[in-house]
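A.B. asks: sequence and computational prediction follow.
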Amino acid sequence: MNLKFHNKKITGILTVLPENEVNFDDEIENYDFSRGQSMKLKLIMGYGKRRVVKDGTTASDLCVFGLKYLFDNDLLNKDEIDALILVTQSPDYFVPSTSHVIHGKLDLKQDMYCLDISQACSGYPVGLNQAFMLLEQEEINKVVVLNAETMSYKVSLKDRGSRPLTGDAAAITVVENDPSGSIIHGTVKLDGKGADALIIPAGGFRMPSTAKTAKLESDESGNSRAMDHLVMKGDEVFNFVQKEVPIMVDNLLAKADKNKDDIDYYMFHQPNKFMLKKLADKIGVPYDKMPNNIVENFGNASGVTIPTNLTYNLGEKLLTDSLLICLAGFGAGLSWTSLLMKIGNLDFCNTIEFKN
Amino acid sequence: MDNFQSSIAEILEVDSVELTDELESFDAWDSLAVLSIIALSDSEYNVPLSAQEINDSKTIEGLKSLIQGKQ
C-alpha cells in the first residue's frame, strides 16, 4: 500500500543506549561451535560490541530517562506533547499499555492521545506514519514517537543465531507540522503467513510460560533455546528481505518520481552487516550511502535501529543540513515498510547513555 | 553455472570440490556455509533456497541440480 503525507516533519531525534556493553569475543564459549567457526561468523555478520540492559531495566525506563533528558535540557516542553506513541514488542506489562506507564511516571497532561503499537523491525516507519496521521487533528501539534526494545532478555545464551546480534535501545522522535509544503511518500506491506519466521512461541495467551516452556532444547544447527525465547528462521527472513525490499524501494522512488542517485542516504533497519551489503548490491546503491555499522557497535534493537543509525551516522549533519533520506524497516510479521522524506535542521540529533 | 564449483569450494574453504562430494564431509560445513550458499544462489542465480533444501541436497551435485531445477 502506498501512503502520502503533506506538511509533516521530524524536528528532533534522541537515541538512548544502555551503557552496559557486551563483546561477542567474550561470549564465544557459550556456543556449541568451534572458535574458528565463531570468528568467521563474526567477520561476515559484523558482530562486535552490543549494548544490553541489566538489573531488570525495561522499555519504559529507557524512554523516561530519554524524555527527562530532553525536558531538563529545554529540548522538549512536556506540556506541548499532544500525543505519545510507543512502538515496542517488549512492553513492561500486558496490561496496561507501557505508554500510559510512561505518561504517569512523567506526570504528563491528561489532554493527550497515547497508544502502544506492537511492531518489530518495521516499527520506525510505522510509528512515524501514525504520528503523521495524528497531526491531521486540529488539537495535535506535537507528537512524540518512542521506539524501545529490551529483547536481550528473550534470546537464549546458547543461541548463536540470534543472541550475538541482539541489542537493547530506545529512541525518541519528535514530529510536527511543517507549513513549507513538504510531501512524504511511504509504503507498507505485510505477509502474515510468515508470522512464525520470527517468533517468541511462549509467554502470551496462546502458550503461557511454564517450567516446560523454559526448558532448553537443541536444534539441528547446534543452538539451544526454549519456547520462551525468540526463534528466527534465518533463511526465510534472508530470502524475504532480498526479494521484497528492492521491489519496495523501486516502487517508493517511482511514486516520488526520484532516481536512486537523488537519494542522499538509505537509512535502513540494521539486521546484520551481511544482509545489508547484499541488499545494497541488489538495489544498486554504494555501501557508503547505506550504513551497516550499527550491529557491530550496538547490536540490533529491532525498530530502534533506524533512529540509532540516524543519530550515530548522521547526527552532526542533520543539525545543519537537510537530506533526502529513504528509510526502510523489515522483519517480524512479516512486515516491510518505507518512507522517503527530507530530514534535517533538527533541534537535536544525538545519542545518550542510560546508566545501570 | 560455470563458476559454481569454484564458488562452492571458496565457501567450504577448500581448493576444489567434486560433484560427488558429500556436503557434510567438509570441515567448514555449518550453518554459516548454508547461509553463504543461500546468498550465492540469490545473487548469482536469482534462486531463493531454504536451509532445509540445501541440507536435503546431500552432495555438491545435488545442490547444483537443486539450483538448476529452480532457474
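C.D. replies: Structure received. Not measured: the values here are computed from a predicted model.
A.B. asks: next one: the helix or strand where A:A170 lies to chain centre, how far?
C.D. replies: Per DSSP states H and E: A:A170 is located in strand A:169-177. Here strand A:169-177 is found 12 Å from its chain centre; the criterion is Cα atoms, centre = their mean, to the nearest Å.
A.B. asks: could you list every helix and strand in contact with it?
C.D. replies: Secondary-structure packing of strand A:169-177 (3 or more Cβ pairs under 8 Å, 6 or more residues apart in numbering or on different chains; DSSP states H and E): strand A:8-18, helix A:59-72, helix A:123-134, strand A:142-149, helix A:305-314. C-beta here means a position set from N, CA and C on the backbone, and glycine is covered the same way.
A.B. asks: highest mean neighbour count out of the ones you listed?
C.D. replies: strand A:142-149 (a mean of 28; mean count of other Cβ atoms under 10 Å in any protein chain shown).
A.B. asks: partner strands of that strand, parallel or antiparallel?
C.D. replies: Neighbouring strands of strand A:142-149 in its sheet, by DSSP bridges, are strand A:83-87 (parallel), strand A:169-177 (antiparallel).
A.B. asks: list the buried ones in the strand holding A:A170?
C.D. replies: Neighbour counts over strand A:169-177 (16 or more other Cβ atoms under 10 Å in any protein chain shown) mark A:A169, A:A170, A:A171, A:I172, A:T173, A:V174, A:V175, A:E176, A:N177 as buried.
A.B. asks: run through who's touching the helix or strand just after that strand.
C.D. replies: Counting by DSSP H and E, the element after strand A:169-177 in chain order, helix or strand, is strand A:183-190. Outside strand A:183-190, the residues that touch it by Cβ atoms under 8 Å, 6 or more residues apart in numbering or on different chains are A:1-6, A:8, A:122, A:125-126, A:129, A:132, A:244, A:248, A:251-252, A:255-256, A:333-341.
A.B. asks: mind listing what the next helix or strand after strand A:183-190 pairs with, with the direction of each?
C.D. replies: Scanning forward in sequence from strand A:183-190 by DSSP H and E, the next helix or strand is strand A:198-199. Strands that pair with strand A:198-199, judged by DSSP bridges, come out as strand A:231-232 (antiparallel).
A.B. asks: ok, and what's touching the partner strand?
C.D. replies: Strand A:231-232 is touched from outside by A:G161, A:S162, A:A197, A:L198, A:I199, A:I200, A:P201, A:R225, with contacts defined as Cβ under 8 Å, 6+ apart.
A.B. asks: mind redoing it with 6 Å?
C.D. replies: Here strand A:231-232 makes contact (Cβ atoms under 6 Å, 6 or more residues apart in numbering or on different chains) with A:S162, A:L198.
A.B. asks: also stretch A:345-356?
C.D. replies: Identification of contacts with stretch A:345-356 by Cβ under 6 Å, 6+ apart yields A:11-13, A:15-19, A:54-55, A:57, A:62, A:65, A:69, A:75, A:311, A:315, A:318-319, A:322.
A.B. asks: so how far is that stretch off the chain centroid?
C.D. replies: Using Cα atoms, centre = their mean, the offset of stretch A:345-356 from its chain centre is 15 Å.
A.B. asks: hmm, back to that, any chance of the strands paired with strand A:142-149 in TSV, plus mean pLDDT?
C.D. replies: As requested, these are exported to TSV (pLDDT from 0 to 100):
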stretch	mean pLDDT
strand A:83-87	98
strand A:169-177	98
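A.B. asks: export those strands to a markdown table and tack on distance to A:V143?
C.D. replies: Output for the strands paired with strand A:142-149, formatted as a markdown table (distance: least, Cβ to Cβ, whole Å):
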| stretch | distance to A:V143 |
| --- | --- |
| strand A:83-87 | 4 |
| strand A:169-177 | 5 |
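A.B. asks: next, count neighbours for the nearest residue to B:Y45 once chain neighbours are set aside.
C.D. replies: Leaving aside its chain neighbours, B:Y45 sits nearest to B:I67 (5.4 Å; criterion: Cβ to Cβ, 6 or more residues apart in numbering or on different chains). B:I67: 21 surrounding residues under other Cβ atoms under 10 Å in any protein chain shown.
A.B. asks: tell me which element B:I67 falls in.
C.D. replies: Assessed by DSSP H and E, B:I67 sits inside helix B:60-70.
A.B. asks: other SSEs contacting that helix?
C.D. replies: With contacts taken as 3 or more Cβ pairs under 6 Å, 6 or more residues apart in numbering or on different chains; DSSP states H and E, helix B:60-70 sits against no other helix or strand.
A.B. asks: in TSV: the buried residues of strand A:169-177, plus distance to A:E136.
C.D. replies: Shown next, in TSV, are those (distance: Cβ to Cβ, whole Å):
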residue	distance to A:E136
A:A169	30
A:A170	26
A:A171	24
A:I172	22
A:T173	18
A:V174	17
A:V175	12
A:E176	13
A:N177	9
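A.B. asks: list the contacts for the residue nearest to B:Y45?
C.D. replies: By Cβ under 6 Å, 6+ apart, B:I67 lies in contact with B:S41, B:Y45, B:V47.
A.B. asks: of those residues, buried ones?
C.D. replies: Using 16+ other Cβ under 10 Å as the burial test, the contacts of B:I67 include B:S41, B:V47 as buried.
A.B. asks: can you redo the contacts of B:I67 as CSV with secondary structure and pLDDT?
C.D. replies: Below are the contacts of B:I67 laid out as CSV (DSSP: H, G, I helix; E, B strand; the rest coil; pLDDT from 0 to 100):
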residue, secondary structure, pLDDT
B:S41, helix, 90
B:Y45, helix, 90
B:V47, coil, 90
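A.B. asks: OK, contacts around the residue nearest the centre of chain A?
C.D. replies: Centroid-nearest residue in chain A, with Cα atoms, centre = their mean: A:G303, separated by 1.6 Å. By Cβ under 6 Å, 6+ apart, A:G303 lies in contact with A:V87, A:G123, A:Y124, A:N147.
A.B. asks: next to chain B, which bits of the stretch 151-300 of chain A? Give me the list.
C.D. replies: Residues of the stretch 151-300 of chain A lying near chain B by Cβ under 6 Å from any Cβ of the partner chain: A:S221, A:D235, A:F238, A:N239, A:Q242, A:K278.
A.B. asks: of these - the most surrounded one?
C.D. replies: Neighbour counts for these peak at A:F238, which has 23 neighbours (criterion: other Cβ under 10 Å).
A.B. asks: residues contacting that residue?
C.D. replies: Residues in contact with A:F238 (Cβ under 6 Å, 6+ apart) are B:I38.
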